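Enquirer: Here's my sequence, what's the structure:
(2 chains)
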Amino acid sequence: MATKTYAGVTVDVNEEGYFNNPQQWTKEIAKEIAKEEGVELTDKHFEVLEYLRNKFNSGDALSIRGINKSGVVDVKTFYQMFPGAPMKKATKIAGIPKPASCV
Amino acid sequence: MSDTNEHPVKKVSIICAKGAIEDVYAALVMGNGAVMEGIECNLFFTFFGLDAIMKKRMDKLHTAILGNPALRLPGGARMPSLMGVIPGMEAMVSGMMKSGMDKLDIPPVSEFIELFVAGGGNLYACKLAVEMFKVKKEDFSEHVKDIITIGEFYEKAGGEGSHIIFT
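Expert: Next up is the predicted model:
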């Protein structure tokens, strides 16, 4: 199992850099992952990360449709906040596994 | 692995020429999947595929029973093709397909198109098919960017790491 050190904490990650143990995540860690991904985190970003983590913790599948309906952020803004591959980037920064859904 | 990383897909241009549920969704899933991966995407609708971007038709697509040998009943038995001639049968099967997709969080066509466009995807209608079917610009969803010729389609499809897919 691979590890990475963020904000002085060593965390377990898979070969793509996604957290194996979402419990190890903190906001400080998120800021450092975001830097690696080229994203500057704002309060709005943390709201989205919080939403994603809550969804994951309650065992719900993540989808782009769910994000749009979340009331937290609309899809267009979501794409702007995590440019490139938004779902992959956001889940990585949120310290949760990469979503396995096709939609 | 290294080879795929060195030559990533950067742009896909997808052509949808048919208007059955499965044809349209194949194009939309691939298109939406592309923008979610940060891949630039053009979706080009032509011939019967135009139904997918017409306001009044997009959420009323059907799947065929007649001539669809892979269609199965819920238990897995083959659906006799001739059942398709019974009035209302095709609508019922199409309704079942849609409710099945909704359970998987696959959105209706109109909503799927909104998500795709919000992600930066481009929608185009084929000029030739528009003229052939006498469709007006106002019949289309406001998300349709333009009505273009096949030549313009190829111009937009170019670039390094770009691919064209006919569904």
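Enquirer: tell me which parts of chain A are close to chain B?
Expert: A:61, A:63-66, A:68, A:74-76, A:79, A:83-88, A:101-103 (C-beta under 8 Å from any C-beta of the partner chain). C-beta here means a position set from N, CA and C on the backbone, and glycine is covered the same way.
Enquirer: at 10 Å instead, please
Expert: Proximity of chain A to chain B (C-beta under 10 Å from any C-beta of the partner chain) is limited to residues A:60-69, A:74-80, A:82-89, A:99, A:101-103.
Enquirer: Which ones among those map onto helices?
Expert: The helices, defined by DSSP state H, take in A:64-69, A:75-80, A:86-89 from these.
Enquirer: Just the buried ones among the residues you listed, please.
Expert: For these, a neighbour count by 16 or more other C-beta atoms under 10 Å in any protein chain shown gives the buried set as A:64-68, A:75, A:78-79, A:86-89.
Enquirer: With distance to residue B:132 as new columns, can those residues be given to me in CSV?
Expert: Formatted as CSV, these follow (distance: C-beta to C-beta, whole Å):
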residue, distance to residue B:132
A:64, 34
A:65, 34
A:66, 39
A:67, 38
A:68, 35
A:75, 34
A:78, 38
A:79, 35
A:86, 38
A:87, 38
A:88, 41
A:89, 43
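Enquirer: Out of those, which two are the most distant from each other?
Expert: Using C-beta to C-beta, those span at most 18.1 Å, a distance reached by A:65 and A:89.
Enquirer: Flag the shaky bits of chain B, pLDDT-wise.
Expert: Applying pLDDT under 70 to chain B flags the ranges B:1-3.
Enquirer: Can you pull up the most central residue in it?
Expert: The structure's chain B has its C-alpha centroid closest to residue B:24; by C-alpha atoms, centre = their mean the separation is 2.6 Å.
Enquirer: ok, so what distance separates that residue from residue A:32?
Expert: Using C-beta to C-beta, to the nearest Å, residue B:24 is found at 43 Å from residue A:32.
Enquirer: residue ranges of the helices in chain B, please?
Expert: Using DSSP H, the helices of chain B run over B:2-6, B:21-36, B:89-103, B:109-118, B:127-132, B:150-157.
Enquirer: Count the neighbours of residue A:100 for me.
Expert: Counted by other C-beta atoms under 10 Å in any protein chain shown, the residues lying close to residue A:100 total 7.
Enquirer: Find the nearest non-adjacent residue to it, please.
Expert: With sequence-adjacent residues excluded and distances taken as C-beta to C-beta, 6 or more residues apart in numbering or on different chains, residue A:100 is closest to residue A:61, at 7.7 Å.
Enquirer: so what pLDDT did that neighbour get?
Expert: For residue A:61, the model assigns a pLDDT of 88.
Enquirer: pretty sure residue A:54 is touching residue A:60, no?
Expert: Yes. Counting by C-beta atoms under 10 Å, residue A:54 touches residue A:60, with 8.7 Å between them.
Enquirer: Now do the closest residue to residue A:85 other than its chain neighbours against residue A:43, distance only.
Expert: For residue A:85, ignoring the flanking residues on the chain, the nearest one in space by C-beta to C-beta, 6+ apart is residue B:38 at 4.3 Å. In this view, residue B:38 and residue A:43 are 24 Å apart by C-beta to C-beta.
Enquirer: between those two, who's got more neighbours?
Expert: residue B:38 (18 against 6).
Enquirer: which parts of stretch A:54-66 are buried?
Expert: Using 16+ other C-beta under 10 Å as the test for burial, stretch A:54-66 gives A:55-56, A:62-66.
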